[in-house]
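Trainee: what's the 3D shape of this:
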Amino acid sequence: MADLQQLCDEVRRHAEHGSSAKVMFYYASAASATLLHSAIYVVNGTTAYLDHARLPAIKAIPDIALLRFVKVASLPLGNLPSLADDALVDVSALLVALGVPPVAYAAKVEPAGRAEPAIAKNAPARAAPIAAPAESLPVLPPIPAPARDDSLHTPARDPPDDIPRTTQPADEPPTRSSIMAKISLEPLRSLDGYVASALVDTESGMLLAGDGTSVNLEVAAAGNAEVVRSKRKVANSLKLNDTIEDILISLTKQYHIIRPLESNQKLFLYVVLDRSKSNLAMARHELRTFEKSIDFS
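Mentor: Predicted coordinates:
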């Protein structure tokens, strides 16, 4: 299971390389088994845009520190979404506010008073960042973790004195393993010509479950999520007033089937089949049957 340290490591990795990326993190809702997600956009390794529950940075940072993380992943940054100015912070300030030690790329002071960046010897030179100067960005001091909001979190309470205490641990919030425990893609292996399959979040492009090693499912998930979003945008522009049942991509050697779930349009199944061995009509029929067996409870 992911944790805050893994999230900070991803942000720090892009900061050290001066790269731009969307660092996404899934977390479990305390009230239900629902998976929620937010993102930190790192631009040129210097600037961070927080996109978490529509909160300004001063409130988002302490809230992020309290989350029960399920999964953390990052994708190369494309178009930056429209975010409020108060969601903009310096990357170094963000990591310090989250309680992480100063990043490795920060300048270190030598005995002679000369500062040199702590960068690996063979690290490639990076272009000067185009983001706003660091001095124009709000520098956030470490923020103490606030009390949990009772509407979002259920604090543990000691039992009354007349009830005997037990050593049984308190129920843990749902994790990726518990939420996805009943979701196995292995039944899809019975499809003729089966190569690989995945369950993907459409909005973020994050891989939630995968099966098969001959395809890079992380890359496929992100790319096919963009296909679904683009097709829906076109359908809305044409005012078709209809939903996508599936999307078929026919290659010379393979079929790629993308099927949004009828029960949850935010997710889709992605299946890769060997074209010479598969039966497309049967594959579509079995995908519909498999979808009905998925249990998110």
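Trainee: Show me what the mean pLDDT comes to for stretch 13-31.
Mentor: Over the span of stretch 13-31, the pLDDT mean works out to 81.
Trainee: now do stretch 50-60
Mentor: Per-region confidence: stretch 50-60 scores 82 on mean pLDDT.
Trainee: least trustworthy helix or strand in this structure by mean pLDDT?
Mentor: The least trusted helix or strand in the chain, going by mean pLDDT, DSSP states H and E, turns out to be strand 107-109, with a mean of 38.
Trainee: hey, where'd the helices end up in the chain?
Mentor: Listed in chain order, the helices of the chain (DSSP state H) span residues 4-16, 57-65, 91-97, 176-179, 217-237, 280-293.
Trainee: contacting residues for the residue nearest to L35 when sequence neighbours are not counted?
Mentor: Distances taken as C-beta to C-beta, 6 or more residues apart in numbering put Y26 closest to L35, at 5.3 Å, once the chain neighbours are dropped. Any C-beta I mention is one placed from the backbone N, CA and C, and that applies to glycine too. Each residue near Y26 by C-beta atoms under 8 Å, 6 or more residues apart in numbering is listed here: A2, L35, L36, H37, F69, V70, K71, V72, R176, M206.
Trainee: quick one: the second one and L287, what's the gap?
Mentor: With distances taken as C-beta to C-beta, to the nearest Å, L35 is found 22 Å from L287.
Trainee: And the pLDDT for L185?
Mentor: Turning to L185, the model gives it a pLDDT of 91.
Trainee: Report the contact partners of the residue nearest to it when sequence neighbours are not counted.
Mentor: By the measure of C-beta to C-beta, 6+ apart, the closest residue to L185 outside its immediate chain neighbours is D211, 4.0 Å from it. When the contact criterion is C-beta under 8 Å, 6+ apart, the partners of D211 are L185, E186, L188, R189, A196, S197, A198.
Trainee: just L94 next, same as before
Mentor: The contact partners of L94, by C-beta under 8 Å, 6+ apart, come to V11, I40, A48, L50, A57, I61, L140.
Trainee: Quick check: of these, which lies closest to E245?
Mentor: I40 (34.8 Å; C-beta to C-beta).
Trainee: of the contacts of Y26, the lowest pLDDT goes to which?
Mentor: Lowest pLDDT among the contacts of Y26: R176, with 45.
Trainee: which of L35 and L287 has more neighbours?
Mentor: A direct count of neighbours by other C-beta atoms under 10 Å for L35 and L287 places L35 higher, at 21 against 17.
Trainee: my guess is the more buried one meets V70, correct?
Mentor: Yes - using C-beta atoms under 8 Å as the test, L35 is close enough to V70 to be in contact (6.3 Å).
Trainee: how many neighbours does the residue nearest to Y41 when sequence neighbours are not counted have?
Mentor: Closest residue in space to Y41, ignoring its immediate chain neighbours: Y49 at 4.0 Å, by C-beta to C-beta, 6+ apart. One way to gauge burial is a neighbour count; for Y49, by other C-beta under 10 Å, it gives 21.
Trainee: ok, how many other residues are close to D63?
Mentor: Using other C-beta under 10 Å, D63 has 18 other residues around it.
Trainee: Thought H52 was touching it, still the case?
Mentor: Yes - with contacts counted by C-beta under 8 Å, D63 reaches H52, the gap being 6.8 Å.
Trainee: Low-confidence bits of the chain, can you list those?
Mentor: In the predicted model of the chain, residues 1-2, 30-34, 78-86, 100-182, 296-297 satisfy pLDDT under 70.
Trainee: Mind doing that once more with 80?
Mentor: 1-3, 28-36, 70-71, 74-88, 98-183, 295-297 (pLDDT under 80).
Trainee: what are the ranges of the strands in it?
Mentor: Taking DSSP state E to define them, one finds strands in the chain at 21-28, 35-43, 47-51, 69-76, 88-90, 107-109, 115-117, 194-201, 207-211, 247-250, 254-260, 267-274.
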